[in-house]
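1. sequence first, then the predicted structure:
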Amino acid sequence: MSSKPKEGEAKQDPREAVDRSCRGPVLFLAFSAVAWLLVYSLFALLAGVKVHASGMMADSAWLTYGRIHPASQLALQFGFLVQLGLAVSAWILSHRGKTVLVDGGYLIFGGMLWNAGVTLGFLGILAGNASGLEGLQMPGKVLPLLFFGFALVGLSLVQTNNRRTDEEMSPAQWFLFAATLWLPWVLGGSYLLIHFFHAKGVVANIVDWWFIQNFAKVYLTFVGLGTLFHFLSALSGRQLVGRGYAQFAFWMLLLFGSVGGVSPGAPVPAWLPALSTVTAVFYFFGVIAAWVSLKRTINGASAVNDADSLAYNLMRLAALLFISISVVNVIFAFPGPGSAAEFTTYGPAMELLFNFGFVGLTLIAALYHIFPRLVGMDFSPKMTRVQTAAIVLGLFGATLPTALGGLMSGDAVLGSGVYFASLGDIFLLAGSLILFLNFFGAILFAVKSCDCLASFCGTGKTKEASA
Amino acid sequence: MAAKKTNEETETASAKVGGPKPWVFVLMVVALYWAINYLDGHGGGFNAKVYAPHKDATAVASLKVQKTPEEQAFESGARIYGGICAACHQPNGRGNANAGYPPLVNSEWVLNESPSRAIAIVSKGLQGPIEVAGQVYNKVAMPSQGAALSDEDLANVISYIRRNGDWGDAHNLPLVTIEQVKAVRETIADRSAAWTADELVQQFPDSQ
Amino acid sequence: MTIGLSFLLGLLASSVSYFMLGLWWPVAVVVGLFAWLAFGLLDVKMDSTFTLLGGLLLIFCVSLSAMVFRASDQLSGLQYVDTQAVDGTEFRYPVPLLGNARYGEAIYKANGCAACHTQQVTHESVVLDVKALAGEKNHAAVQEAISRFYKVTGREASGGAALGLPVGEWETVVNGANAADASKARNFLSIAGASVDVQVRFRGEDLTQHDLQNPRGRGWGKRRSVAQDYLFAEPPMLGSVRIGPDLANVGARLSREVLMRILLNPKIVRKYSKMPQHRFLFEKVGEDEKGQHIIHDGENTFKPTKDAEALVDYLLSLKSANYPLPEAPINQPYTSSMPKPVSAPAEAADAAKAGNSGK
């Protein structure tokens, strides 16, 4: 949408064809993601309620807190964030590259494998087969399924990127390409080290922390930044400023985000937490550079189309969250503040705020933009506003009081912010339910009444509501 | 702002698209310096046995037990005893009555007020019958150990057998000094044969 | 990019790899060379997929090496260690989980107890205690050295130093010093002729007993947890949030009866507990059922299932923070290889030496 094709270059696929090729795969992944979000919010609320009413459903092993909590985390991270990230990546890589989505069938099949893996993992955790390692709680046998599912999707995305019209890649494409490769590598590496080579003792935990760090600080961050780099410039109609900053940010974030994540009190030799502190500082350099580039690109402009303004503003909120959370994170990477916040509810709250607040909101905002162009009709605007407000309020309600309460309680036992988290969880559930209904309803409506998705269902012309 | 630059001389893209200014790289080098120092101070030298937070691992190691010269002498004597004497007199100092090795535990020859007899025995050896703690030992002669032991070694091992609390409360005598050993050795320097018990008492009539 | 600038970047890459990430020096050299070539000769363009792929692979390998492989080299080879319990008995540590406790670990894992409980005791600082032993002869000199130490460093005298050093007994003369002060104390004391021992002590809220003097103390262990403790855990369920107390040493703190009750309904034992009930680990039985572990809830009578028994066995086996290790010592009294000097024979020996006369 921003760069011109080089002279003498061959075709650039027409916009219609690109949209049509994206329709099936992206909608499938997005729908699955939204469904998993609903599952997550339901189980997160259930988990929170169990803390208040400890006797509720205490006769069922499947619904004990220790099983619901990791299962809900799996649903959020692997079910919602990764899938919506893939859907948005497919859109961006094809549209940036002005090419049809190559091998969209792989994407759908891979997505099905991925969904199967997440479902089996989810049920496996509830049944009591969790692996015991945070961040990789799914039973070990599920990981190859996830790996191959993602690899298939990645194959399609990489081919799409290769088929791009311009030789020159924009930052969005770098970030998304890197993310697409990175997750299967770290996932596969973790699986091999933990379940195949049987890492002994705390080495398994170190691999787990390595995975969590790479998942959040590299993979999710890259997905979020790639989306922001594409949409913030596309929706505001401004060209990207500060490509050099983006390049610097890319390598800094990649190199220093991939090492670290060990808390100061951990039962591992001292060099691991010290290294984590040091890499967090250098990671912050990259964060600042990315922020500078994004800020200069937007430069205070607003969305070109009014229809996009909600998505655009939501993305700006997400970017703001990104920079503020990163500032807080680098402070708490030092052992002084870090030990104070260690083991409190601050940690999980900030992790949720980062993963969902930055990446999740970015992807949902991207979905708001993408959906009408795929389906041919928009979400219901009022429902969209309600669901956005509910999700954002729910997110803040679920995380900020918990984080503050964790810091204040200090002793880390009986963190006081836990009660407010449930209130936030209710909003989150409401928001995700509305989003799900919105999504589902719009698709049904489009299929039935406005003939817009006729080609998706097999035949017929399409009626495009172009942006 | 950076996009508006039109510097045509630099052909690389960096001038047109802007990137971190040089001062950022300087800052990074400063940060690298900080990082190396931080890792030195907090990283425990990448040692597997050092856990955070900690003071410098080597500083802690160097502050460990500092033994006084007396303790070092005592422990040196223990080592010598274990190497040379324990074969016959046993590590527990009780000797072996069947084989004819007298005990050192509560032995009046060891616990004499003056260490001279003990020094003399070790220097020149012992032959003939000797009564130790009411029993007579006459089966084997004790070979001389004087050639192998320096004055300091001899002082240490005699100190050890006279002061090893594990052997009994009576073994609480002061350390033997090198001067004492030298004095005794000088006195008996021209003697070549092993002692007999009577000769010892004659030579060193102190006590008992 | 010019050769010079790219060389500098290569040097920077090498320095970061070696000094910061601590990679093996040939690897750091290779990284630097690669960076120099890439920036200088190949003029790294982000646009080539090949460039991106190469960079991604390189960084992936660097991150694995710097963090995972090095840790694995250091920690995968851990074996049994011979140590002493606090009461002096020698044994090999850690003790592997036996029988029911191993099954209990699987129950712990399956039910996600690590979602609220950690199993790692931490410490906050390291301090050094200096102990001294003075005999009759040097007692005065040692006392003088101690008071000189306190004057020079401006510290407040504590414990043995304030009350006076006993003769012939080990006494802590400096409490909670840093490395510099401890070194000074050691020098002063050894010059005065005393035997000196410097002991490392870990300090932290986890380790302090909860009493009037230390209201924030938690008493969760005698020392911090280290990698050796988790040798046989599959996997170590360290936990990352403490909504409930730390469990690394729970076997030393709580009894079977208390643990059973906590699992059934935590509010029986702790009124304000946030822990959910785990009734699925128990089965309801008739009111007149007799047995060792029958629990009356007030309304119903419960008997633990095999899972509950196993889980409690596992929890009772968690006693790691009670055993000292070289990297995590528990303060122990120092015993010298020399017996305590006793006054009488020394005086007699002095008299004998001075007078050189028989009895």
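-> That came through, no problem. Computed from a prediction, not measured in an experiment: that's the story for all the values here.
2. how far away is residue B:154 from residue B:186?
-> Counting by Cβ to Cβ, to the nearest Å, the separation of residue B:154 from residue B:186 is 13 Å. Where you see a C-beta, it was placed from the backbone N, CA and C, and this is true even at glycine.
3. these two: who's more crowded?
-> For residue B:154 versus residue B:186, the count of surrounding residues by other Cβ atoms under 10 Å in any protein chain shown is larger for residue B:154: 27 against 9.
4. and the gap between the closest residue to the more buried one other than its chain neighbours and residue C:292?
-> Of all residues not flanking residue B:154 in the chain, residue B:181 sits nearest, at 5.0 Å (Cβ to Cβ, 6 or more residues apart in numbering or on different chains). In this view, residue B:181 and residue C:292 are 70 Å apart by Cβ to Cβ.
5. what's the span of stretch A:256-273 from first residue to last?
-> Separation of the first and last residues of stretch A:256-273 by Cα to Cα, to the nearest Å is 14 Å.
6. let me fix that, I meant to ask about stretch A:300-315.
-> 13 Å.
7. from residue A:293, how far off is the closest residue to chain B within the stretch 151-300 of chain A?
-> Going by Cβ to the nearest Cβ, chain B is nearest to residue A:244 of the stretch 151-300 of chain A, at 2.3 Å. Distance, residue A:244 to residue A:293, using Cβ to Cβ: 8 Å.
8. who has more neighbours, the two?
-> Counting neighbours by other Cβ under 10 Å for residue A:244 and for residue A:293 shows that residue A:293 has the greater number, 30 against 20.
9. the more buried one contacts residue A:246, doesn't it?
-> Yes. Applying Cβ atoms under 8 Å as the test, residue A:293 and residue A:246 come out as touching, 4.7 Å apart.
10. need the overlap of contacts for these two.
-> Shared contacts of residue A:293 and residue A:246 (Cβ atoms under 8 Å, 6 or more residues apart in numbering or on different chains): A:171, A:229, A:240.
11. cross the residues you listed against helices and list the overlap.
-> Within these, residues falling in helices by DSSP state H are A:171, A:229.
12. just the buried ones from the shared contacts of residue A:293 and residue A:246?
-> A:171, A:229, A:240 (16 or more other Cβ atoms under 10 Å in any protein chain shown).
13. report the contact partners of the second one.
-> With Cβ under 8 Å, 6+ apart as the criterion, the residues that contact residue A:229 are A:170, A:171, A:172, A:175, A:240, A:246, A:293, A:294, A:297.
14. that one and residue A:257: what is the separation?
-> 17 Å.
15. and what of residue A:266?
-> Relative to residue A:257, residue A:266 is positioned 19 Å away (Cβ to Cβ).
16. what's the answer for residue C:325, then?
-> For residue C:325, the distance to residue A:257 - Cβ to Cβ - is 34 Å.
17. burial count for the residue of chain B found nearest chain C?
-> Nearest to chain C, among the residues of chain B, is residue B:165, at 3.0 Å (Cβ to the nearest Cβ). Residues lying near residue B:165 (other Cβ under 10 Å) number 14.
18. correct me, but it touches residue B:172?
-> Yes. Assessed by Cβ under 8 Å, residue B:165 is found in contact with residue B:172 at 6.7 Å.
19. how far is stretch B:103-123 from where the chain is centred?
-> With Cα atoms, centre = their mean, to the nearest Å as the basis, stretch B:103-123 stands 23 Å off its chain's centre.
20. and for stretch A:258-270?
-> Mean C-alpha position of stretch A:258-270 versus that of the full chain (Cα atoms, centre = their mean) differs by 25 Å.
21. on that earlier part again, by pLDDT, give me the weakest of the buried ones among the shared contacts of residue A:293 and residue A:246.
-> Across those, the smallest pLDDT goes to residue A:240, namely 88.
22. for that one, give me phi and psi.
-> Here is the backbone geometry of residue A:240 (degrees, to the nearest 10): phi -70, psi 130.
23. can you check residue B:168 too?
-> When read as degrees, to the nearest 10, the backbone of residue B:168 gives phi 140, psi 160.
24. and it, how far is that from residue B:118?
-> With the distance defined as Cβ to Cβ, residue B:168 ends up 16 Å from residue B:118.
25. quickly find the element holding the residue of chain B found nearest chain A.
-> Nearest residue of chain B to chain A (Cβ to the nearest Cβ) works out as residue B:19 at 2.3 Å. Assessed by DSSP states H and E, residue B:19 sits outside every helix and strand.
26. phi, psi of the closest residue to it other than its chain neighbours?
-> In this structure, residue B:19 finds its nearest non-sequential neighbour in residue A:244, 2.3 Å apart by Cβ to Cβ, 6+ apart. Main-chain torsions, residue A:244, degrees, to the nearest 10: phi -60, psi -40.
27. likewise for residue B:170?
-> For residue B:170, the backbone dihedrals (degrees, to the nearest 10) come out as phi -70, psi -20.
28. thought it was touching residue B:107?
-> No. Residue B:170 is not in contact with residue B:107 according to Cβ under 8 Å; the separation is 9.6 Å.
29. more neighbours: which of the two?
-> A direct count of neighbours by other Cβ under 10 Å for residue B:170 and residue B:107 places residue B:107 higher, at 21 against 15.
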